[in-house]
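> I would like to see how this sequence folds:
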Amino acid sequence: ENARLSGWVYVDIRDRDLSSAVHEMQEVVAREVKLPAAYSITWSGQFEYLERATAKLKIVVPATLLIIFVLLYLIFKRFDEAALIMGTLPFALAGGIWLLWALGHNLSVASGVGFIALAGVSAEFGVIMLLYLKQAWESRVRAGNDTQEDLLYAIREGAVLRVRPKAMT
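Got it, this is the predicted structure:
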């Protein structure tokens, strides 16, 4: 390792997330271990891979959200409708976080990638819902029915009758 002799200490962590456990170990080692000259400590293994993946996710997640927003804007040609759908994403992600907590899982790279997929599916649900609601309202307006009662009817029609396409998505 770096043209030097090396020794390894293996640590198996259970019932705890890897990142916080290693950070705690790093603090204790930095505080209590005095290394002689020409010695060094490197935290490697799964922790090193986790740190690399976390650094990449810090770039990928915002880029993914930006791409989703741009695609929504290109679909609807309206900023407010794209923002409306993007506004639903935190609720979907909160549900995912609650599920992780309820199942007793720690946040990992795999769950981070899952959250990216969840954001995409949530945006897709929003697109389908908004398109069906707009379509139902526009058909009512074309028929000359544009009262508040007609709006409520169009909302029911657009939402209730389109459950299957949303579920299929």
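
> List the residues that contact the residue nearest the centre of the chain.
Among the residues of the chain, the one closest to the centroid is Phe115, at 3.0 Å (CA atoms, centre = their mean). Counting by CB atoms under 8 Å, 6 or more residues apart in numbering, Phe115 touches 61, 93, 96. All C-beta spots, glycine's among them, are computed from the backbone N, C-alpha and C.

> next SSE after the helix or strand hosting the last one?
When you say that, I think you mean Gly96. Using DSSP states H and E, Gly96 falls within helix 79-103. Per DSSP H and E, the first helix or strand lying C-terminal to helix 79-103 is helix 109-142.

> hang on, Asp150 packs against Arg140?
Yes: judged on CB atoms under 8 Å, Asp150 makes contact with Arg140 at a distance of 4.9 Å.

> ok, so what distance separates the residue nearest to the centre of the chain from Asp15?
23 Å (CB to CB, to the nearest Å).

> Likewise for Trp43?
For Trp43, the distance to Asp15 equals 20 Å [CB to CB].

> Could you check which of these two has the larger neighbour count?
When neighbours are counted by other CB atoms under 10 Å, Trp43 and Asp15 differ, and Trp43 comes out ahead with 13 against 7.

> give me the number of residues near Leu74?
9.

> what does Gly114 give?
Neighbour count of Gly114, defined by other CB under 10 Å: 13.

> Please name the residues that touch it.
Counting by CB under 8 Å, 6+ apart, Gly114 has contacts Gly96.

> mind checking pLDDT for it?
We have a pLDDT of 89 for Gly114.

> Just read off the phi/psi values of Ala55.
Backbone torsions of Ala55, given as degrees, to the nearest 10, read phi -60, psi -40.
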